[in-house]
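could you work out the structure for the sequence below:
(3 chains)
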Amino acid sequence: MEDRYFSTDPAQRAAARELYRSVKDLPLICPHGHVDPRLFADPDYQFGSPVDLLIIPDHYIFRMLYSQGISLDELGIPRLPVSESSPEASGGDLSTDGVVDHREIWRLVCEHWHLFRATPTGIWIRDELADVFDISLKLNRENADAIYDAIDEKLKSEAFRPRALYERFNIEALATTDAATDSLEQHRAIRDSGWGGRIIPTFRPDAVVNINSDGWHENIDQLSEVSGETVGNYSSYIRALEGRRAAFKSMGATATDHAALTAYTESLGATEAEAIFQRALAGESTAKDAARFSGHMLIEMARMSSEDGLVMQLHIGSWRNHNPQVYARYGPDMGADIPIRSEFSKNLKPLLDRFGNRRDMTLVLFNLDETTYSRELAPLAGHYPLLRLGPPWWFYDSWLGMTRFLDAAVETAGIYNLAGFNDDTRAYPSIPTRHDVWRRVCADWLAGQLVRGFIDEEDAQAMIRALAYDLAKQTYRLDG
Amino acid sequence: MEDRYFSTDPAQRAAARELYRSVKDLPLICPHGHVDPRLFADPDYQFGSPVDLLIIPDHYIFRMLYSQGISLDELGIPRLPVSESSPEASGGDLSTDGVVDHREIWRLVCEHWHLFRATPTGIWIRDELADVFDISLKLNRENADAIYDAIDEKLKSEAFRPRALYERFNIEALATTDAATDSLEQHRAIRDSGWGGRIIPTFRPDAVVNINSDGWHENIDQLSEVSGETVGNYSSYIRALEGRRAAFKSMGATATDHAALTAYTESLGATEAEAIFQRALAGESTAKDAARFSGHMLIEMARMSSEDGLVMQLHIGSWRNHNPQVYARYGPDMGADIPIRSEFSKNLKPLLDRFGNRRDMTLVLFNLDETTYSRELAPLAGHYPLLRLGPPWWFYDSWLGMTRFLDAAVETAGIYNLAGFNDDTRAYPSIPTRHDVWRRVCADWLAGQLVRGFIDEEDAQAMIRALAYDLAKQTYRLDG
Amino acid sequence: MEDRYFSTDPAQRAAARELYRSVKDLPLICPHGHVDPRLFADPDYQFGSPVDLLIIPDHYIFRMLYSQGISLDELGIPRLPVSESSPEASGGDLSTDGVVDHREIWRLVCEHWHLFRATPTGIWIRDELADVFDISLKLNRENADAIYDAIDEKLKSEAFRPRALYERFNIEALATTDAATDSLEQHRAIRDSGWGGRIIPTFRPDAVVNINSDGWHENIDQLSEVSGETVGNYSSYIRALEGRRAAFKSMGATATDHAALTAYTESLGATEAEAIFQRALAGESTAKDAARFSGHMLIEMARMSSEDGLVMQLHIGSWRNHNPQVYARYGPDMGADIPIRSEFSKNLKPLLDRFGNRRDMTLVLFNLDETTYSRELAPLAGHYPLLRLGPPWWFYDSWLGMTRFLDAAVETAGIYNLAGFNDDTRAYPSIPTRHDVWRRVCADWLAGQLVRGFIDEEDAQAMIRALAYDLAKQTYRLDG
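Residues are numbered from 1 along each chain as shown, chains lettered A, B, ... in the order given. Modelled structure (predicted):
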């Protein structure tokens, strides 16, 4: 349906269609996401089964099924190995990992597909099947096998190799997200292959910054190894991070990414930073140490950005692994991340006091508390040169979520303090669909502004292009 | 007006009409409300005057009139007896209880009926008069007497006995809300009468759980009496509550209901629970004791639900009796309950850590802070098998309030993690109107989804039925 | 465009047009704003250049330009004199104050006017140019000079003297906002001139109430001087304030205005109030002292209002001068005020406990956290006789902001607990435009209610008049 999702008001629909048409074929700028670079390093990379591609890696899908009483085992989600350190994962249960047949999983999902009615996941999968796989059957019990077979057949074809899809999707640039300790060998392999796609890494240091996270000591050891800087104190730690940033930059990175539960920032003195770092190394740091150190490192990362020019991204407000049983049994990213209330006006002030007025730096803010859009984020971005607002994140990457974002943010911040769109997905074949939904939302929203006389035709044309393409490219410095 | 409240977009309106038609005659499921069971115990129960029926018990109405300077005395709201314990209630004022003529009260209300323009109360009363009383006059000074007489006449007729209205309203089941200490004699009388209506109690233990509430000691004494368990310590207290739950269940109850200012939960050890309980018995408990004990008892109630299968309801965020003068003079439930900000992701975690993954239990969440819908409630319900979201509560039980709820919750939680509708009313004759508004809202909202292409016809048909009927029945286990 | 901004649904648009027509020519009630009374004191007052009029005083405009990298110097914003007390303002920079040519500033603004697409500022300026200056050119680089010249020519004409515009704008009453220490000489001059316009002062005591604000001691000295009451202790301070209120009232004031970061209120005992006041005089008060004293003074101001009948206004939630560099260099009101989360149910309770039930007093609440509309403000205003809700403030004085306000507040509070509109502007020629936008929003919103059948024609007519005119006049007691 060409006009899908647009308002049914004839004037607005016609205007939306026109605006959408003017941008629907623009290349895709993908400055933030979680696609595995391996897909592009191996020219013959092949996706597995339809379930490997669409179900097992997609916590948007299995969280909903889980909420309605379907176990993660039934969906083929692999359990962690049972070890003495995670007693909750034992208890007589047998891991069923690998036992469940993928076709059976697919049938189970299709039988419960009604759960996704009126959800973004429902729309993405439908549009992706139609647009990428050329399958227009509705997911349900009856069609399950036919759809499974049709996807499976496509996945085996040359046309469905990731590099071929990259061309077909008309992607101009795609950034992955990579641990600070990543060797970037996949990225080097892509570059060395001579292939023309632009796949670039993003520096994500959370695992070496959050001193109370699982595995922090191992991550620091890895940081020493990969950076060549023996991290034994705060200053070598900083040098190691700076070195890694330089390495990322040399592989094409234009941005960093940081996740934190809150936007708390605080500048620690050198002595205090060292003291906390030493307590962390000794395994004696407190929860308060961790919060303060994270807040300090956000400012420190901004300082590094002020020097190396990497765009800084901040994702705030996700309580990761909220469900301890699921975490113990299946590990992280299992659909159990829950948003909390966010605050920026106070929390971000120490960082803004130092870098807020910089015109040559960019900090892109994301969060999961939409009350901040109009109350804090738009007023902040409408004043501080440093700031841009990221598109609606996660649960808000939906038709109504994006509409509310535009409603709440644009009147105060305008559109030129926005960072355009990013798909933030690990589901590679869903990328065109996600951009398409964003472009449709923006076309419909601008059409509403146009037919009611808030903006004129010239404004609308310029704004749709900016939102669909230019702002992302410019914000993330991908025009270089 | 058959199409009232629907969008005026022709496509959406036609779709809404169609969807609404498919459910408007379905029976009413009323799983949560405050109708007095006495109405059904006495087959000849007769409502009093129009004012007794529509004004005096309805704090939605008199709070608005009060806000514009009309005293509660003028509206016939009875004052508490003046006692030495409530000095604020004295001060030379004479109680006017009983003095005000009901026809005069009615005229006063009608003269000020413009205050209810564009409010849900305004709509409910208008639709109720039209649909239940067959009165299509507009409430105003001129029509006041004619309307009064018309209602009064109806109320005296056989057709307006509660049992007759139950049939006419096409109610399938109606749950009342009853103190844990209630003898359930009204419910027993209904059952013994052999009448076919399904009126069931709901176990509401707040008055014996909130150790710092007025009258707690008396309530504990009553609990001892009605349970046959002398409540002298924490374990006899728990046994008494378990006994009462069993008694409620034997009278048909399928659910419990709990109100708290916040969603704070905490598991106390047995020793600590006992210590707080003993301090409470001795009149020495602190505010902190009370908050912790309430939080503990929510988990304890969940534990009991895990054993007896009663669906648990939690109503969060109403600051009861915010106005001390009104409370002192007129008592509770006088339109002076004010919402406060709510938080669930952190507060509910201890309870979820224990029961969140249970597929055989249900906890229905309600609250008065709509920012939680998209930020916390929908993500929680979209993951934890335990949770369902109750319909918009109280001030949000309105056209725009319900629309915002669907907008904010469905994209993340889907509709199958919702609990359908409940009218939550003590105004018995308003029940059909309230369900009608919900069904219209859902029809209009789904029609919008349909004509814009988010869902198809088959989806819309299934969803309207689920929202109008199935979800409430299933969530509250009324299909047994 | 006569129907601008209205819904494009034909039924709603027609109804909106009709409702709008019925009020568009009603006189303007301007009960709260920041126009300088000097404009009216001097019958020959002449505005400066177009930049003096439209850019330099308007922080809505230059904050947005600043956010996109244009310096305040380039926009002609005067720097504070460099002094030793503001080291941040030095650092080798030269003040460019006065150096920048106004025509160049105008061109710079016009070149960047796309930043204001879809913002209220963009709409105000466009409508103001069209309606007040009869200029229908679009602001851009090409038109910059022509527009500059056209405005400049108008500004030199007799028709653009403030008093002439007052008549042309059809203003019925206009309140300024004046420090408690203001001599009111401008107001006296207006009155003595015999001119028929109604320009009245508003008592704003923040600068003598916030004991930790810059210049408090000087302000107290000024208070002593202007009141004739030597302020050496708390009781003389209170007497001085009461004296000033009486002086304001004698010059026609009907209201006071109070700004605070939070709505915190607390009644201090006389001894404690005196102790804090003495610490403040001695320069030894703490941040906590300041917060408590402000909270106490809000209640004290309510007490004075209960005696002198001045309507009390409370503006909550703006973190003033959030950007320390901008504050140090340019001073206050430089577009760097950032909202914070607000809370009323708890914070305002001590004040409401004393005055909430007063039917003869009015407290008008404003704030910058729109989550409070439905959660706290509408329920509070829908119960307490004291309260009315001010129109959407600041960033929310926009089409969507006002629509969300009506959506969130009216169902619970009705419209008769609203305070109507106030323009809150220092940009005098924008006043008709701002009222026009409000009247259009209300017409469109009521039209939506009308065509969907929530209200009828009679309701809609009464409501549009109330919102456009009556409520402001009545709330602020301007009908006397």
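
use CA for all of it now, contacts and neighbours both
OK.

return the set of buried residues in stretch A:473-480.
Buried residues in stretch A:473-480, defined by neighbour count with 16 or more other CA atoms under 10 Å in any protein chain shown: A:K473, A:T475, A:Y476, A:R477, A:L478.

that one - what's its average pLDDT?
Averaging pLDDT along stretch A:473-480 yields 94.

list the contacts of A:Y66.
By CA atoms under 8 Å, 6 or more residues apart in numbering or on different chains, A:Y66 lies in contact with A:L72, B:H383, B:Y384, B:P385.

for the most centrally placed residue in chain A, phi and psi?
Geometric centre of chain A, nearest residue: A:D424, 2.7 Å, by CA atoms, centre = their mean. Per-residue torsions, A:D424: phi 50, psi 40 (degrees, to the nearest 10).

quick check, it in contact with A:A175.
No - under the criterion of CA atoms under 8 Å, A:D424 is not in contact with A:A175, lying 9.6 Å apart.

residue numbers of the stretch 51-200 of chain A in contact with chain B?
Contact residues, the stretch 51-200 of chain A versus chain B (CA under 8 Å from any CA of the partner chain): A:63-64, A:66-69, A:114-120, A:123.

which pair in these spans the largest distance?
A:G69 and A:I123 (22.4 Å; CA to CA).

give me the more crowded residue out of these two.
A:I123 (21 against 16; other CA atoms under 10 Å in any protein chain shown).

element containing the nearest residue to the more buried one once chain neighbours are set aside, please.
Counting by CA to CA, 6 or more residues apart in numbering or on different chains, A:I123 lies nearest to B:F454, which is 6.9 Å off, once chain neighbours are set aside. Under DSSP states H and E, no helix or strand contains B:F454.

again with A:V364
Assigned by DSSP H and E, A:V364 belongs to strand A:363-367.

please name the residues that touch the residue of the stretch 351-480 of chain A found nearest chain B.
Closest to chain B within the stretch 351-480 of chain A is A:D369: 5.6 Å, counting by CA to the nearest CA. Neighbouring residues of A:D369 by CA under 8 Å, 6+ apart: A:G317, A:P339, A:I340, A:R341, A:S342, B:R375.

need the contact list for the last one.
Listed by CA under 8 Å, 6+ apart, the contact partners of B:R375 are A:P339, A:I340, A:R341, A:L368, A:D369, A:E370.

what score does A:V99 have for pLDDT?
65.

which of the contacts of A:D369 sits closest to chain C?
Using CA to the nearest CA, A:S342 comes nearest to chain C of these, at 10.0 Å.

and the closest one, what's its pLDDT?
97.

I'd say it and A:A263 touch.
Yes - taking CA under 8 Å as the definition, A:S342 is a contact partner of A:A263 at 7.4 Å.

pull up the overlap in contacts between the two.
By CA under 8 Å, 6+ apart, A:S342 and A:A263 have these common neighbours: A:I316, A:G317.

before we move on, back to that, what about the strand holding A:V364, near chain B?
No - using CA under 8 Å from any CA, strand A:363-367 stays clear of chain B, with a minimum separation of 10.2 Å.

tell me what the strand or helix carrying A:M463 is packed against?
Counting by DSSP H and E, the element that carries A:M463 is helix A:457-465. Counting by 3 or more CA pairs under 8 Å, 6 or more residues apart in numbering or on different chains; DSSP states H and E, the packing neighbours recorded for helix A:457-465 are helix A:10-23, helix A:431-451.

residues making contact with the longest one?
Spelled out, that is helix A:431-451. A:5-7, A:11-13, A:15-17, A:19-20, A:23-24, A:28, A:124, A:127-128, A:131, A:169, A:399, A:402-403, A:406, A:421-423, A:425, A:455-457, A:460, A:463-464, A:467-468, C:8, C:118.

next, the buried residues of stretch A:322-334.
Applying a neighbour-count criterion of 16+ other CA under 10 Å, one finds A:H322, A:N323, A:P324, A:Q325, A:V326, A:Y327, A:A328, A:R329, A:Y330, A:P332, A:M334 buried in stretch A:322-334.

just send the residues you listed back as TSV, with secondary structure, pLDDT and distance to B:L155 too.
Listed next are the buried residues of stretch A:322-334 as TSV, based on DSSP: H, G, I helix; E, B strand; the rest coil; pLDDT from 0 to 100; distance: CA to CA, whole Å:
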residue	secondary structure	pLDDT	distance to B:L155
A:H322	coil	98	54
A:N323	coil	98	54
A:P324	helix	97	57
A:Q325	helix	97	57
A:V326	helix	97	57
A:Y327	helix	97	60
A:A328	helix	97	62
A:R329	helix	97	62
A:Y330	helix	97	62
A:P332	coil	94	62
A:M334	coil	95	58
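
so which of those is the closest to C:E158?
Closest approach between the buried residues of stretch A:322-334 and C:E158, by CA to CA: A:H322, at 68.8 Å.

distance of the closest one relative to B:F366?
21 Å (CA to CA, to the nearest Å).

now the closest residue to chain B within the stretch 151-300 of chain A, nearest residue through space, not along the chain?
Proximity of the stretch 151-300 of chain A to chain B (CA to the nearest CA) peaks at A:L261, 12.3 Å away. With CA to CA, 6+ apart as the criterion, A:L261 has its nearest non-adjacent residue at 4.6 Å, and that residue is A:G317.

average pLDDT for stretch A:161-181?
When pLDDT is averaged along stretch A:161-181, the result is 98.

one step back: which of the contacts of helix A:431-451 count as buried?
Looks like the contacts of helix A:431-451 have A:5-7, A:11-13, A:15-17, A:19-20, A:23-24, A:28, A:124, A:127-128, A:169, A:399, A:402-403, A:406, A:421-423, A:425, A:455-457, A:460, A:463-464, A:467-468, C:8, C:118 buried, using 16+ other CA under 10 Å.

could you look up the SS state of A:S71?
A:S71 falls in the coil class when you classify it by DSSP: H, G, I helix; E, B strand; the rest coil.

in the stretch 101-250 of chain A, which residue sits closest to chain C?
Per CA to the nearest CA, A:A118 is where the stretch 101-250 of chain A lies closest to chain C, at 23.4 Å.

what's near enough to touch that residue?
Residues in contact with A:A118, defined by CA under 8 Å, 6+ apart, are B:V410, B:E411, B:G414, B:Q449, B:F454, B:I455.

for B:R439, see how far away the last one is.
It stands for B:I455. Taking CA to CA, one finds B:I455 at 18 Å from B:R439.

can you check the fifth one too?
Counting by CA to CA, the separation of B:F454 from B:R439 is 20 Å.
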